[in-house]
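> got a structure for you, letters missing:
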């Protein structure tokens, strides 16, 4: 009676593995050859002869038998492998332009299991943009031009989860045309108000700025003065600063008018300093008292 060859063994023996895992087949029976299939068919002595590790590039079922002349072939051993494909992220995002609405994506191109979550793991998105953590969409309107650098991390729903990171570096192109609001913010940051006057404020939708209080408004928009309102400012931010300034100027003028000899403040006058200019603005309080 012929002896039966022992069933082949595999290392690893199955389960969840990474792409590129090498499977080693062995037979406990000395001098036995191992034949195998990966197409779910039953292996025979005519199947592929095992001569070295099998590299897994995707989920695979390996069926193997051990064969030895003069012995009965072994029973079929089945080894099932689930390969978690690596998450592949795009290596760049589409071009960005200051002041132009943008919608882009860092969503995976392939790989991963189940839902994938996205986050900024290093650096920061350009000002004005936001990341949707569930879809990988990046949307918004870049508020400034210049270089940017940030890294996106992605994590899938497998157990244990697969992860991937990708750095993104580029330059936001300057706006072809700056809006009045952008001009005001740029002047507030640089201190150069040569191209911003009361008309610019009106075009931006800011009310109350005149040629007579223009220099005072410019002074109060300096981020070192109005520290509670960081750049870039919205229309509402700028209007609030202007309204507060006009109110204070009115109170000062009325107080000085009613107390000319009682130690009151003189009519409003303020020295304006910027990085490039030294100016004085005179407030005509009489028009508020007529």
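Received it, and whenever you're ready, just let me know what you need. What you see is a predicted model, and the numbers here were worked out from it, not measured in a lab.
> what's the spacing between residue 192 and residue 184?
12 Å (CB to CB, to the nearest Å). For glycine as for every other residue, the C-beta is placed from the backbone atoms N, C-alpha and C.
> Please say which of those two ends up with more neighbours.
residue 184 (26 against 14; other CB atoms under 10 Å).
> The more buried one is in what secondary structure piece?
For residue 184, the enclosing helix or strand under DSSP states H and E is helix 180-190.
> Go ahead and measure how far whatever helix or strand comes next after that helix is from the middle of the chain.
Next helix or strand after helix 180-190 toward the C-terminus (DSSP H and E): helix 198-204. Chain-centre distance of helix 198-204: 34 Å, with CA atoms, centre = their mean, to the nearest Å.
> Next: stretch 102-121.
Centroid separation between stretch 102-121 and its chain, computed with CA atoms, centre = their mean, is 10 Å.
> That stretch spans what distance, first to last residue?
End-to-end span of stretch 102-121 (CA to CA, to the nearest Å): 21 Å.
> Could you do stretch 66-76 as well?
With CA to CA as the measure, stretch 66-76 spans 8 Å from end to end.
> I would like the residues contacting that stretch, please.
Contacts to stretch 66-76, defined as CB atoms under 8 Å, 6 or more residues apart in numbering, come from residues 2-8, 27, 29, 31-35, 42-43, 45, 63-65.
> Of all the residues in it, which ones are buried?
66, 67, 68, 71, 73, 74, 76 (16 or more other CB atoms under 10 Å).
> Look up the residues forming beta bridges with the second one.
Meaning residue 67. residue 33 (DSSP bridges).
> Any stretches of the stretch 51-200 of the chain with poor pLDDT?
Of all residues in the stretch 51-200 of the chain, none has pLDDT under 70.
> quick one, strands of it?
For the stretch 51-200 of the chain, the strands defined by DSSP state E, counting those that start in this stretch cover 54-55, 60-67, 77-84, 102-105, 117-123, 129-131, 137-140, 146-155, 163-172.
> by how many degrees do the third one and strand 60-67 diverge?
Spelled out, that is strand 77-84. 160 degrees (axes from the mean of the first three to the mean of the last three CA atoms, to 10 degrees).
> chain center to strand 77-84: distance?
Distance, centroid of strand 77-84 to centroid of chain: 37 Å (CA atoms, centre = their mean).
> can you start the count at 772 instead of 1 from here on
Let's use 772 as the start, then, which means that last one is strand 848-855.
> buried ones in it?
848, 850, 852, 854, 855.
> Closest one of those residues to residue 1030?
Among the buried residues of strand 848-855, residue 855 lies closest to residue 1030 (CB to CB), at 80.0 Å.
> show me the contacts for that closest one.
787, 788, 789, 790, 882, 883, 884, 927, 929, 933.
> elements contacting the biggest helix by length in the chain?
Criterion DSSP state H: the longest helix present in the chain is helix 1006-1029. If contacts are counted by 3 or more CB pairs under 8 Å, 6 or more residues apart in numbering; DSSP states H and E, helix 1006-1029 sits against helix 951-961, helix 969-975, helix 985-991, helix 1057-1060.
> Tell me what angle the longest one forms with helix 1006-1029.
Angle of helix 951-961 versus helix 1006-1029, following the same axes, to 10 degrees, is 70 degrees.
> quick one: buried residues of helix 951-961?
951, 952, 953, 954, 955, 956, 957, 958, 959.
> Look at residue 805 and say how many residues are nearby.
24.
> residues contacting the closest residue to it other than its chain neighbours?
Excluding the flanking residues, the one nearest residue 805 by CB to CB, 6 or more residues apart in numbering is residue 821, at 4.0 Å. With contacts defined as CB under 8 Å, 6+ apart, the neighbours of residue 821 are 796, 804, 805, 806, 807, 835.
> For those, which entry has the maximal number of neighbours?
Busiest of the contacts of residue 821 [other CB under 10 Å] is residue 835, holding 27 neighbours.
> ok, that residue to residue 814 distance?
Residue 835 is 6 Å from residue 814, by CB to CB.
> and if you look at residue 974?
In terms of CB to CB, residue 974 sits 80 Å off from residue 814.
> from what I can see residue 791 touches residue 826, true?
Yes: taking contacts as CB atoms under 8 Å, residue 791 lies within contact range of residue 826: 6.4 Å.
> re earlier: mark which of the contacts of stretch 837-847 are buried, thanks.
For the contacts of stretch 837-847, buried by 16+ other CB under 10 Å: 776-777, 779, 798, 800, 803-806, 814, 834-836.
> just the residues you listed now: which is nearest residue 983?
Using CB to CB, the buried ones among the contacts of stretch 837-847 come closest to residue 983 at residue 834, 91.1 Å.
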